[in-house]
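Novice: Following is a predicted model, sequence given first.
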Amino acid sequence: MMNKIFLIMVAIGFPLSVIGSLLHFPSVVMFGVYCLTIIAIASIMGRATESLTIVAGPRIGGLLNATFGNAVELIISIFALKAGLIGVVLASLTGSVIGNLLLVGGLSFFIGGMKYKRQLFNVFDARHNSGLLMFAVIVAFVIPEVFSQGMNPEKTINLSVGISIIMIVLYLAALFFKLVTHRGVYQAQESEEKIEEVPEWSKVKATIILALSTLAVAYTSERLVHTFEAVGEKFGWSELFIGVIIVAIVGNAAEHASAILMAFKNKMDVAVEIAVGSTLQIAMFVAPILVIASLFFPASMPLIFTLPEIVAMVTAVLLSIVIANDGESNWFEGATLLAAYFIMAIGFYLL
């Protein structure tokens, strides 16, 4: 039923997005159209990646879901950089980190926990990801903030580029570690019998749908960026709130839908891989790529976040590590993560 609704939303929303941009419909109206269209397309991307997950396994499936989901945010951010909205881009990166860890992770634990009293996932992956999360956010994001205090803008950019290159190399090394050299070394104990599943779409069909969906999202995202200023003025939203909450939720809609669906089906390895894997990809790959890409635009983007953004990300990482490091979850742990997210959302709204 929901799949049909999302298909109808895409069939109506995408043509309306094209027509509205050509005929210059009011920005506030088009903002809503663009957001709903992106979310609907993201649901289709989620179905495609679920089919690929069944074929390729939880790690590769989760990585694919995170990659295609983050492609949406990367596209939005590049257009925002082109428009000179550096604050929105940095805020959206913050929103992605806290959104994936607290909102997506929290909803996955909560909804899955309402159906199952206790859900298990690979504790070895959880501990491995904990170290990477600590590095990605606490080391790579806090260090630039501290060292940039005594630097001029040019040196700050050089510092950001250097850190970005190191982060990209380490992220690629982490993928090589998990998918090649240590693939299958750290296996979690199976808590129940495996159920043979048949993918909804074939590998080729799912891949084609993902590619077409990404192109559709790229166009809609580019139009969405141009509505930010008008919407902010209309509702009194700050650039920080738009980036941290609105852009992050819309840009990561694919992961949101897929992770929650996986948790509801008790596939917690996939759900956790999506939430945490997407966070790592944002922090260690997407953010550095945006820093390097910004060198080709009039205004370069340093990897320097505001104090509220850094505190929010560090808090989200530490809370997630404490809750997920034991390799099991329940609805109350999900509620705790969600409570932390809503507290931060209120704070960013009132700033």
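Specialist: Great, that's in hand. Numbering: from 1, shown residues only.
Novice: can you pull out the strands in the stretch 151-300 of the chain?
Specialist: Using DSSP state E, counting those that start in this stretch, the stretch 151-300 of the chain contains no strands.
Novice: What residues sit buried inside whichever helix in the chain runs longest?
Specialist: Counting by DSSP state H, the longest helix found in the chain is helix 27-56. Buried residues in helix 27-56, counted by 16 or more other C-beta atoms under 10 Å: 27, 30-31, 33-54, 56. For every residue, glycine as well, the C-beta is placed using N, CA and C.
Novice: Let's test this: name the helix or strand in the protein with the lowest mean pLDDT.
Specialist: helix 248-251 (a mean of 73; mean pLDDT, DSSP states H and E).
Novice: residues contacting the residue nearest to residue 37 when sequence neighbours are not counted?
Specialist: Sequence neighbours aside, residue 13 is the residue nearest to residue 37 in space, at 3.4 Å (criterion: C-beta to C-beta, 6 or more residues apart in numbering). For residue 13, the contacting residues are 33, 36, 37, 40, by C-beta atoms under 8 Å, 6 or more residues apart in numbering.
Novice: could you say which helix or strand contains the residue nearest to the last one when sequence neighbours are not counted?
Specialist: Setting aside the residues directly before and after it, residue 40 is nearest to residue 9 in space (C-beta to C-beta, 6+ apart), at 3.7 Å. With secondary structure defined by DSSP states H and E, residue 9 is part of helix 2-23.
Novice: pLDDT on that helix, on average?
Specialist: Computed over helix 2-23, the mean pLDDT rounds to 88.
Novice: Distance from that helix to the middle of the chain?
Specialist: Relative to its chain's centre, helix 2-23 lies at 23 Å (C-alpha atoms, centre = their mean, to the nearest Å).
Novice: what's the distance between the residue nearest to residue 37 and residue 235?
Specialist: 21 Å (C-beta to C-beta, to the nearest Å).
Novice: again, but for residue 48
Specialist: From residue 48 to residue 235 the distance is 33 Å (C-beta to C-beta).
Novice: Look at residue 241 and say how many residues are nearby.
Specialist: Close neighbours of residue 241, defined as other C-beta atoms under 10 Å, add up to 21.
Novice: Do I have it right that it meets residue 351?
Specialist: Yes - judged on C-beta atoms under 8 Å, residue 241 makes contact with residue 351 at a distance of 7.1 Å.
Novice: distance between the ends of stretch 50-64?
Specialist: One end of stretch 50-64 to the other measures 9 Å (C-alpha to C-alpha, to the nearest Å).
Novice: ok, now stretch 224-231?
Specialist: 10 Å.
Novice: Does residue 79 lie in a helix or a strand, and which?
Specialist: Judged by DSSP H and E, residue 79 forms part of helix 58-82.
Novice: The helix or strand that that helix is followed by packs against which elements?
Specialist: Sequence order places helix 86-98 as the next helix or strand after helix 58-82, per DSSP H and E. Under the contact definition 3 or more C-beta pairs under 8 Å, 6 or more residues apart in numbering; DSSP states H and E, helix 86-98 sits against helix 58-82, helix 239-241, helix 248-251, helix 268-281, helix 287-293, helix 307-324.
Novice: Identify the residues contacting residue 52.
Specialist: 60, 61, 64, 199, 203, 206, 207, 210.
Novice: which one of those residues sits closest to residue 287?
Specialist: Closest approach between those and residue 287, by C-beta to C-beta: residue 64, at 20.0 Å.
Novice: Below-threshold pLDDT in the protein: ranges please.
Specialist: Counting by pLDDT under 70, the chain has low-confidence residues at 1-2, 57-59, 61-62, 65, 69, 184-196, 251-255.
Novice: between the helices and strands packed on helix 86-98, which gets nearest to residue 123?
Specialist: Taking those one by one with C-beta to C-beta, helix 307-324 is closest: 9.1 Å.
Novice: For the helix or strand immediately after that closest one in the chain, which helices and strands make contact with it?
Specialist: Using DSSP H and E, the helix or strand that directly follows helix 307-324 along the chain is strand 328-329. On a contact count with 3+ C-beta pairs under 8 Å, 6+ apart, strand 328-329 meets helix 105-115, strand 119-120.
Novice: switch the cut-off to 10 Å
Specialist: If contacts are counted by 3 or more C-beta pairs under 10 Å, 6 or more residues apart in numbering; DSSP states H and E, strand 328-329 sits against helix 105-115, strand 119-120, helix 268-281.
Novice: Quick one: closest of those to residue 217.
Specialist: When the helices and strands packed on strand 328-329 are compared (using C-beta to C-beta), the closest one is helix 268-281, at 15.6 Å.
Novice: Can I get that closest one in PDB, CA atoms only?
Specialist: The C-alpha trace of helix 268-281 is given here as PDB (Å, rounded to 0.1, in the frame of the first residue of the first chain):
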ATOM      1  CA  MET A 268      19.500  -5.500  12.800                       C
ATOM      2  CA  ASP A 269      22.900  -6.000  11.200                       C
ATOM      3  CA  VAL A 270      21.600  -4.200   8.100                       C
ATOM      4  CA  ALA A 271      19.800  -1.500  10.100                       C
ATOM      5  CA  VAL A 272      22.900  -0.700  12.200                       C
ATOM      6  CA  GLU A 273      25.200  -0.900   9.200                       C
ATOM      7  CA  ILE A 274      23.000   1.700   7.500                       C
ATOM      8  CA  ALA A 275      22.800   4.100  10.400                       C
ATOM      9  CA  VAL A 276      26.400   3.900  11.500                       C
ATOM     10  CA  GLY A 277      27.900   3.200   8.100                       C
ATOM     11  CA  SER A 278      26.100   6.200   6.700                       C
ATOM     12  CA  THR A 279      27.500   8.400   9.500                       C
ATOM     13  CA  LEU A 280      31.000   7.200   8.800                       C
ATOM     14  CA  GLN A 281      30.600   7.800   5.100                       C
END
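Novice: Understood, closing this out.
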